[in-house]
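Undergrad: Just the structure for this:
(chains A and B)
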Amino acid sequence: MAQEDSNVIDQPEVLRHKMVSVEISGKKFDVPEGITIIKALWYSGQEVVRGAGCLGGFCGACAAYYRTKDDPKVRTCLACQMAVQDGMSITMMPPFPARKATYDIQALTDPKQDLFNLYPEAPLCRNCNACTEACPQKIDVREGVWKAVFGDFKSVSDMFMDCVMCGMCTPVCIADIAPNLVALYVSRAQGAHFTEKPVGLDTRIKEIQDGRFNDEWASILKMTEKELADHCATVK
Amino acid sequence: MDIHALQQIVHHTRDARRKQTLPKFSPADRDQLIHKYHPDYRERAYRPLRFGLNEGDKTVVELAALLEGDSPIADEFDLTADYTTDVLVVGGGGAGCAAALHAHAAGAKVILATKLRLGDSNSVMAQGGMQISVASEDSPVTHFVDTLKGGHMQNDHQLLKVMVEEGPSIAKWLLSLGVLFDRDGDGNLHVKKGGGSSKPRLLTCSDYTGLEIMRVLKDEVLNQKIQLLEFCAAIELTSDEKGACTGAIFKDLDNQRYVVVAAKSVILATGGIGRLHIQGFPTSNHYGATGDGLCLAYRMGAKLTQIDTFQYHPSGAVYPEQLIGALVTEGIRSEGGHLVNAKGERFVNELDTRDVVSSSIIRECEEGRGIRTMSGRIGVWLDTPLLDAEHGPGTVEKHFPAMMLQFERFGIDISKDPVLIYPTLHYQNGGVKIDTNSETNVTNLFVAGEASGGLHGRNRLMGNSLLDLMVFGKRSGLTAAVRAAAMPQGKLTVGHLRGFRAEAKKHGSSHGIVSPMILPPYTRKES
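TA: Just a heads-up that it's a prediction; the model follows:
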């Protein structure tokens, strides 16, 4: 897949010269200091297919574990958003086989009760807080799970707006809850069932159906290029 | 000089700048600026295509090489189908998900194939919002006019009319699926004003609009049990004896095997070309944005349009190094953030269209009023702390949580310190020419989203992309589904390659490049 005339824009060697030693999946490599973990993978010669997505910290494809020098604590991050430092140990998170419930969002009749049918493990949270600690987006995941169980769907949908669905909260859960999937269900239910219907939107849809703008369209679409340009210039 | 020392001028000049209003450029000044500084007008970066339906049309050299590239598939390739379906959607971003969901809802059997995971796309990163004319003082016609102005009057009128008119029903569809758009106190959809728009029209989900829409659409694709082929990269299309599209050939990136899918219609929703780094620009695009769909469609005989014009988003991060090219949302400028040069001066109305703002940033930097980082990159300041000064402490954190977090990871608090930015390659304005049902001139080949062209003219207006994806994803999906019910599966051949290869040979195209690229060549080859 690599072309010969390869560009160097995202190749890190042009950026920094000081090298640091890191361990990637248990193997030592010297890479330029301060580059992101994803770039360190490229730098160390690895073809990356799984484990890279938007490269902007939004898609959650590059969930990774890392540990800094002499610290026993293994932390989580998005590999496209984390700079390497000397002595860091890194490994990418494999896809985790969490169970996602399937549902017809519009057909739900009692979404707050349905939560317990779809995710019966949700109320079994034992408050260990590992999910919150694992979240690279700094969401209070544990609190969110409890709020979901107690039916405060509005708060959950606010709290999880930052969720990139990386799933790092899932493997750490001792009750086998997939908090991100619970929160996604809750947020969708909040949007589809517990949020006010915007009156203005329905009005606009009806106006379009009733042809309220037809005359305006007709006049615009028959304009010459010059007339249209002049008309556009009048709209500030 | 240290970046923090350089920043001081932004803090010192803030109060004086707040009293200033900068007029927008006159049409003549604006044209002159763009012609002089916009990368679309750098002749050296372009060359004409040597063969194919767009022979003689200019595009950037990086894309030209791939469009003229050879197929990885040999003439005698075994085209026994591994899967058969009514509608094959290629691409798992916004347009792909919308197409798959609508085709499925219309009763078609759908396969969605994507070279990364479902949802890995540019759509997920869209922060600014989605333009839909829902406000009472606004109208689809005004949306049409604004978009036309932004596109330098070069937009396809039919495509544009369809998009602006279907916008409100798209908003309703997304709400019914549970998308949480920001609201006003009265429950109506909150609208923000975007660059180049005369009315507030941006629907937002804080600065996570694309992420929120994609979380929901991905979840819905899974709920509907639409068949997925993930980590499968499309490398060629198949055609019947009349040249109609009948399926596609994929490479499974996990095991390098070929996968053949027979389909009554194919919808390419493969996105743009940012990762080609044309003209050496960094990009805001996702890992897979290598223009694969353009190459496949072009070999198949589909007509491309406006492939000489690209959007350079004004505010790509320049510092810290880890975020090079990453987007700093236009929302910051929508809420009043100033662009400031090394002398502490504003130099453009920040809410002008993206091409104008980008050109003016390039002008400042080329004329020596840029700020140089220690690693030699150059940019101008975006005064983010101004938002807190203007609208009260906590504004940046409340309105731009994604941005705050992204910079906070590298020890930068954008509510206290300004951000250094420079234009970043963001969007392919043109693409495969389509009609209002999103179909190309090749029968049963549809293209939706960024891979298609014509709708946005020569400069896409902020917030129109998310709407484009939803409207043309829907139209392609519905048209393909309805048609599938009334037609047999065509024969699978790669007959179209014979003609393409003969043309290539005649024009001496022997550069040895095979396309599509699939993924950018970032892996370092030697130590």
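Undergrad: out of everything not next to it in sequence, what's closest to the one residue sitting closest to the centre of chain B?
TA: Centroid-nearest residue in chain B, with C-alpha atoms, centre = their mean: residue B:427, separated by 4.2 Å. If the residues on either side of it in the chain are set aside, residue B:427 comes closest to residue B:311, at 3.8 Å by C-beta to C-beta, 6 or more residues apart in numbering or on different chains. For the C-beta atoms, the positions are set from N, CA and C on the backbone; glycine is no exception.
Undergrad: Give the rounded mean pLDDT of stretch B:442-451.
TA: Summarised as a single mean, pLDDT over stretch B:442-451 is 98.
Undergrad: can it be found next to chain A?
TA: No - with C-beta under 8 Å from any C-beta of the partner chain as the criterion, chain A is not reached by stretch B:442-451; the gap is at least 14.0 Å.
Undergrad: how long is that stretch from one end to the other?
TA: Counting by C-alpha to C-alpha, to the nearest Å, you get 15 Å between the two ends of stretch B:442-451.
Undergrad: how many neighbours does the closest residue to residue B:126 other than its chain neighbours have?
TA: Leaving aside its sequence neighbours, residue B:126 sits nearest to residue B:210 (C-beta to C-beta, 6+ apart; 2.9 Å). A count of neighbours around residue B:210, defined by other C-beta atoms under 10 Å in any protein chain shown, yields 27.
Undergrad: Can you name the helix or strand that residue B:210 falls in?
TA: Applying DSSP states H and E as the criterion places residue B:210 in helix B:209-223.
Undergrad: list the buried ones in that helix?
TA: Buried residues in helix B:209-223, defined by neighbour count with 16 or more other C-beta atoms under 10 Å in any protein chain shown: B:209-221, B:223.
Undergrad: Mind checking the pLDDT average for that helix?
TA: Taken as a whole, helix B:209-223 has a mean pLDDT of 98.
Undergrad: Which other helices and strands does it contact?
TA: helix A:179-193, helix B:94-105, helix B:157-177, helix B:464-484 (3 or more C-beta pairs under 8 Å, 6 or more residues apart in numbering or on different chains; DSSP states H and E).
Undergrad: Check whether the following helix or strand past the first one comes near chain B.
TA: Note on helix A:179-193: by DSSP H and E, the next helix or strand toward the C-terminus is helix A:199-209. Yes - for a cut-off given as C-beta under 8 Å from any C-beta, helix A:199-209 has contacts with chain B, namely A:199, A:200, A:201, A:202, A:203, A:204, A:205, A:208.
Undergrad: May I ask which of the residues you listed has the most neighbours?
TA: For the residues of helix A:199-209 next to chain B, neighbours tallied by other C-beta under 10 Å; top is residue A:204, 26 neighbours.
Undergrad: which ones are touching that one?
TA: B:133, B:134, B:168 (C-beta atoms under 8 Å, 6 or more residues apart in numbering or on different chains).
Undergrad: Can you list the residue ranges for strands in the stretch 351-500 of chain B?
TA: B:371-372, B:378-383, B:419-428, B:431-433, B:445-447, B:452-453 (DSSP state E, counting those that start in this stretch).
Undergrad: I misspoke; the intended subject was chain A.
TA: A:19-24, A:27-32, A:63-67, A:75-78, A:89-92 (DSSP state E).
Undergrad: To residue A:44, which of these lies closest?
TA: strand A:27-32 (4.1 Å; C-beta to C-beta).
Undergrad: Please enumerate the helices of chain A.
TA: Ranges of helices in chain A, per DSSP state H, are A:37-43, A:111-118, A:130-134, A:141-149, A:153-159, A:179-193, A:199-209, A:214-221, A:225-234.
Undergrad: Can you add mean pLDDT and give those helices back as CSV?
TA: CSV is the format used below for these (pLDDT from 0 to 100):
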stretch, mean pLDDT
helix A:37-43, 95
helix A:111-118, 98
helix A:130-134, 98
helix A:141-149, 98
helix A:153-159, 98
helix A:179-193, 98
helix A:199-209, 98
helix A:214-221, 96
helix A:225-234, 94
